[in-house]
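# Requesting a structural model of the entry that follows:
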Amino acid sequence: LAVLILLSLPWVKMLIFQGIEIHPPLELSRLSSLDPARSALVVLGGGMRGPAREYGRYNLTDNSLRRILYAGELAALTPIPLLVSGGGPEETPDTEASLMALFLSRMGHPPRWQENRSRTTWENATYSAPLLQQAGIDTVVLVTDAWHMQRAVKCFQAQGLSVIAAPTAFRGSAYPDIRAFVPDREALADTGDAIREWLGLLAYELSYSNFAAPALNPGKTAAPATSVPDPSPAQSRSAPAENTAPAPATSPSA
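Numbers count the residues shown, from 1 in each chain. Predicted structure coming up:
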C-alpha cells in the first residue's frame, strides 16, 4: 500500500519521467535546414484498441493519436516525406501504419511509406530503415512520445540513420503546488508506463549488441544492423504491405 501511494504522487511521477525524457522539444527552425531528398518524417505507432464499436473496426490508442497530431503539425511546416510505422493484431487487416496513414491523409498529409509489420520499437527501426535507405534517406525526424524517445532514437541510430528527435506528450512535470504530493490515479497510471519503459531500456541493452551504437554523420548510410537472435520472435503478419521490406533482425517479445 505504501509503494502504491508513493508511485501515485505526481511529484514522484515527475522524477521518474525526467530520467527518461532526455530529449527536449524539437526546435522548429531545424526543419528548414533539412534536404527533402535525404530526409523523412517518421511516426511510430503507439498501439491499437478495438474493435471500436463506433468505427466498426480497430482504432488507434491515445498515444498513437497524439503522435499523428504532432506529426501533422510538423508536416505542415516542411516538405519532407512521411513514413508511418506499426503493425497490428493478426485478427484484423488494420495496422497502426494503415490507420495512421488514413488519419494523416485526411489531415492533408498522406505518407509516402507505410511499414506495417513491426511489433516492437526495434522492429519499427529495422523494418523502416531499408525503405528509407533505398530512397536515399539518411536523416529522420522521429516522432514518438517523449518517454519513448530515448529507446526509439537508439534503435534508429543502430540502423545507420541520423536522427533528429521530435518528442511529444511530455509527462515529466507535476503540479506547482501542494497537489504534487496528493495521490492521483492518473499519476499512478503514468508511473506504470515509465517503469515499463525503464525495463524496456534495460532489456534492449541486454538483447542487442549494437543498441547503443552512435549515430552516423549525415550523408553516411550503413547496412541494416543485426541483433542477438530472439528464441521466440514475434510472428509477422501474413500479408505484408507493398512497401514493406524484410527486416534483417528479430526483436524481443517484450
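# Now do the strands in the stretch 51-200 of the chain.
57-60, 82-85, 113-115, 139-145, 162-168 (DSSP state E, counting those that start in this stretch).
# how far out from the middle of the chain is the second one?
Using C-alpha atoms, centre = their mean, to the nearest Å, the distance from the centre of strand 82-85 to the centre of the chain it belongs to is 10 Å.
# quick one, what contacts the residue nearest in space to the middle of the chain?
Nearest to the mean C-alpha position of the chain, by C-alpha atoms, centre = their mean, lies Leu44 at 3.6 Å. By C-beta atoms under 8 Å, 6 or more residues apart in numbering, the residues touching Leu44 are Arg67, Ser85, Gly86, Thr121, Asn124, Leu142, Val143, Thr144, His148, Ala152. (Each C-beta comes from the backbone N, C-alpha and C, glycine too.)
# Tell me, what's the model's pLDDT at the third one?
Yep, that's Gly86 we're talking about. On the pLDDT scale, Gly86 is placed at 97.
# Next: the last one.
For Ala152, the model assigns a pLDDT of 97.
# measure Ala129 to Gly136 for me?
Between Ala129 and Gly136 the distance is 13 Å, computed by C-beta to C-beta, to the nearest Å.
# Look at these two and report which has more neighbours.
Between Ala129 and Gly136, counted using other C-beta atoms under 10 Å, the more crowded position is Ala129 (28 against 11).
# Verify the contact between Lys154 and Ser207 for me.
No - at 12.0 Å, Lys154 does not count as touching Ser207 under the criterion of C-beta atoms under 8 Å.
# between these two, who's got more neighbours?
Lys154 (23 against 17).
# Looking at the chain, which helix is longest?
Longest helix in the chain, counting residues (DSSP state H): helix 185-207.
# CA atoms of that helix as CSV?
Output of helix 185-207 as CSV, limited to C-alpha atoms (Å, rounded to 0.1, in the frame of the first residue of the first chain):
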residue,chain,number,x,y,z
ARG,A,185,-4.8,8.0,-10.2
GLU,A,186,-3.5,9.4,-13.5
ALA,A,187,-0.1,9.9,-11.9
LEU,A,188,-0.1,6.2,-10.9
ALA,A,189,-1.1,5.1,-14.4
ASP,A,190,1.7,7.3,-15.9
THR,A,191,4.2,5.9,-13.5
GLY,A,192,3.4,2.4,-14.6
ASP,A,193,4.3,3.4,-18.2
ALA,A,194,7.6,5.0,-17.0
ILE,A,195,8.6,1.9,-15.1
ARG,A,196,7.8,-0.3,-18.1
GLU,A,197,10.0,2.0,-20.3
TRP,A,198,12.9,1.8,-17.9
LEU,A,199,12.6,-2.0,-18.1
GLY,A,200,12.4,-1.8,-21.9
LEU,A,201,15.7,0.2,-22.0
LEU,A,202,17.4,-2.5,-19.9
ALA,A,203,16.0,-5.3,-22.0
TYR,A,204,17.2,-3.7,-25.2
GLU,A,205,20.7,-3.1,-23.7
LEU,A,206,20.9,-6.8,-22.9
SER,A,207,19.3,-8.1,-26.2
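# Buried by neighbour count: which residues of it qualify?
The neighbour-count check on helix 185-207 (16 or more other C-beta atoms under 10 Å) flags Ala187, Leu188, Asp190, Thr191, Asp193, Ala194, Glu197, Trp198, Gly200, Ala203, Tyr204, Ser207 as buried.
# and what of stretch 19-26?
Ile20, Glu21, His23, Leu26.
# Please put the alpha-carbon coordinates of the lowest-mean-pLDDT helix or strand in the chain into CSV.
Within the chain, no helix or strand scores below strand 48-52, which has a mean of 88 by mean pLDDT, DSSP states H and E. Only the C-alpha atoms of strand 48-52 are listed here, as CSV (Å, rounded to 0.1, in the frame of the first residue of the first chain):
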residue,chain,number,x,y,z
MET,A,48,-4.4,0.0,-31.3
ARG,A,49,-7.7,-0.6,-29.5
GLY,A,50,-10.7,-2.5,-30.6
PRO,A,51,-12.7,-3.4,-32.2
ALA,A,52,-14.0,0.1,-31.7
